[in-house]
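K.L.:
this one's structure only:
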């Protein structure tokens, strides 16, 4: 089920290196930018910052800056070392949270260790969660050239929210929106969208 592929990505940090030994190279800078922004709403694509592969990694991150944007959206290029195609965009206010997850995963930390480290970083003031923020993603087994059957997901972060607060289930129920990690600083509404 497609949700099983996307959940670890959201929990741990988008596009963390994970497929050691797989030989593949990233598209050129322009190709990575064109693919990464596919996850964004059309009205936000031209102004999105894009992070990807190749070039000098950002401080405390494995991804490099491919294009500086003019709006608050950060888009991530597909990781060529990971099977399938996955791109995502998130509000700039989530960047420290996401970058920490990518860095810890690259260090070999597992999901529980990453969650514990995120709680510790939040408690120490190393980063803060926004009151609300949105993430968009597209995943496809077919690749970027055939997105008709792609799995699209919109995630709305609502830190601390519970299922009772929002009137949402806390588990997937078909295609209905649901609240993942209720009551936590990274509680978020999962909204699956139909193809293109």
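P.N.:
Structure's in. What do you need? Please read these numbers as outputs of a predicted model, since none were measured by experiment. Residues are numbered from 1 along each chain as shown.
K.L.:
only C-alpha atoms for contact and neighbour calcs from this point on.
P.N.:
Noted.
K.L.:
so who does the residue of the chain most remote from its centre touch?
P.N.:
Residue farthest from the centre of the chain, counting by Cα atoms, centre = their mean, is residue 164 at 25.7 Å. Residues near residue 164 by Cα atoms under 8 Å, 6 or more residues apart in numbering: none.
K.L.:
And the helices in the chain, which stretches?
P.N.:
Along the chain, counting by DSSP state H, helices occupy 2-12, 29-36, 42-45, 95-106, 111-124, 163-166.
K.L.:
Residue 86: what's it in contact with?
P.N.:
With Cα under 8 Å, 6+ apart, residue 86 has these contacts: 77, 78, 79, 137, 138, 139, 140.
K.L.:
so which of those residues would you say is closest to residue 189?
P.N.:
The shortest approach to residue 189 among the contacts of residue 86 belongs to residue 137, at 13.5 Å (Cα to Cα).
K.L.:
can you count the residues close to residue 30?
P.N.:
Residue 30 has 11 neighbours, counted by other Cα atoms under 10 Å.
K.L.:
Repeat that for residue 77.
P.N.:
Residue 77 is flanked by 30 other residues according to other Cα under 10 Å.
K.L.:
Chain neighbours aside, what residue packs nearest to it?
P.N.:
residue 36 (4.4 Å; Cα to Cα, 6 or more residues apart in numbering).
K.L.:
separation between the one you found and residue 157?
P.N.:
Distance of residue 36 to residue 157, given as Cα to Cα, to the nearest Å: 21 Å.
K.L.:
So for these two, which sits in the more crowded spot?
P.N.:
Each of residue 36 and residue 157 has its neighbours counted (other Cα under 10 Å); residue 36 has more, 28 against 23.
K.L.:
Can you name the residues that contact that one?
P.N.:
Neighbouring residues of residue 36 by Cα under 8 Å, 6+ apart: 50, 75, 76, 77, 78, 87, 88, 89.
K.L.:
Repeat the analysis, applying 10 Å as the threshold.
P.N.:
By Cα atoms under 10 Å, 6 or more residues apart in numbering, the residues touching residue 36 are 30, 45, 48-52, 74-78, 86-89, 137-138, 144.
K.L.:
show me the contacts for residue 31.
P.N.:
residue 77.
K.L.:
quick thing: my sequence starts at 26, can you match it?
P.N.:
That works, and once the first residue is 26, the last one we named lands at residue 56.
K.L.:
Check the spacing between it and residue 103 real quick.
P.N.:
Distance of residue 56 to residue 103, given as Cα to Cα: 10 Å.
K.L.:
Which residue ranges of the chain form strands?
P.N.:
According to DSSP state E, the chain carries its strands in the segments 74-82, 89-92, 98-101, 110-116, 158-165, 176-182, 203-205, 213-218.
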